[in-house]
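Q: heads up, no residue letters with this:
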């Protein structure tokens, strides 16, 4: 079945530094990639949606200059948390969808636990 | 707007007990409905889905029926196991093609299930 590889699975960084999270679709073309953030004991909040080769669409309240999303190829999307602060500590998950759309389902990465100290 | 409401947890059951996790939705059009499961420290995995009214999704002993008349998609399992302990998310995918929607998933808040031996 479809697999999305997300790396790193966890990262600890110092306040003020930047962190890059990668999501790769291993056996399908991820025409659309969704990036979510999950706070403890809460649901997933959609941060942004990106289509290959175009700029990401950010949800209201998400700072696009802080959470940089690149979707340069059909198999790779990256989320960079710039100038990270402790309040950015969270669980970040990507989800990819191929050309089949919703009927073919969404494949999630395994998530990245970011801790900013 | 579209939304998903699911029963709040945590839900604690003994092994072999019957499980029901309620989920209702609000949506325009004809969304697809999903249940995802998140095991501790992991990303989300698709458990089952239904794409039209009266469809029943099933997997690993879990079932859910798409009820348009009650806008519900309740998750059930006849006999839970300790290995079913996880967080369960109900989600809907907006119907593509209307209003420029990209068909992203909208999640409920999740229900934590703990099964005791």
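A: Yep, it's here. This structure is a prediction, so every number in the text was calculated from the model and none was measured. Numbering: from 1, shown residues only, chains lettered A, B, ... in the order given.

Q: drop to CA atoms for contacts and neighbour counts, all remaining ones
A: Noted.

Q: low-confidence ranges in chain B?
A: B:95-103 (pLDDT under 70).

Q: Likewise for chain A?
A: For chain A, the ranges with pLDDT under 70 are A:1, A:99-105.

Q: Close to chain B: what parts of it are there?
A: With Cα under 8 Å from any Cα of the partner chain as the criterion, chain A meets chain B at residues A:34, A:42-45, A:49, A:93, A:101-103, A:106-111.

Q: Would you mind writing the ChimeraX command to select the buried ones in those?
A: The buried subset of those, as determined by 16 or more other Cα atoms under 10 Å in any protein chain shown, is captured in ChimeraX by this line:
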select /A:34,43,44,45,49,93,101,102,103,106,107,108,109,110,111
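
Q: Nearest to residue B:50 among the residues of chain A next to chain B?
A: Residue B:50 lies nearest to residue A:103 out of these, by Cα to Cα, at 9.0 Å.

Q: Residue B:64: which of the residues of chain A next to chain B is nearest?
A: Nearest to residue B:64, judged by Cα to Cα, of the residues of chain A next to chain B is residue A:103 at 16.7 Å.

Q: where do the strands sit along chain B?
A: For chain B, applying DSSP state E gives strands covering B:3-6, B:11-14, B:19-21, B:23-26, B:32-38, B:44-50, B:56-59, B:62-65, B:75-77, B:86-93, B:105-107, B:111-116.

Q: for those strands, which one sits closest to residue A:72?
A: Using Cα to Cα, the strands of chain B put strand B:105-107 closest to residue A:72, at 22.3 Å.

Q: quick one: strands adjacent to the closest one?
A: strand B:86-93 (antiparallel) (DSSP bridges).

Q: Could you tell me the angle between the strand it pairs with and strand B:44-50?
A: Inter-element angle recorded for strand B:86-93 and strand B:44-50: 50 degrees (by axes from the mean of the first three to the mean of the last three Cα atoms, to 10 degrees).
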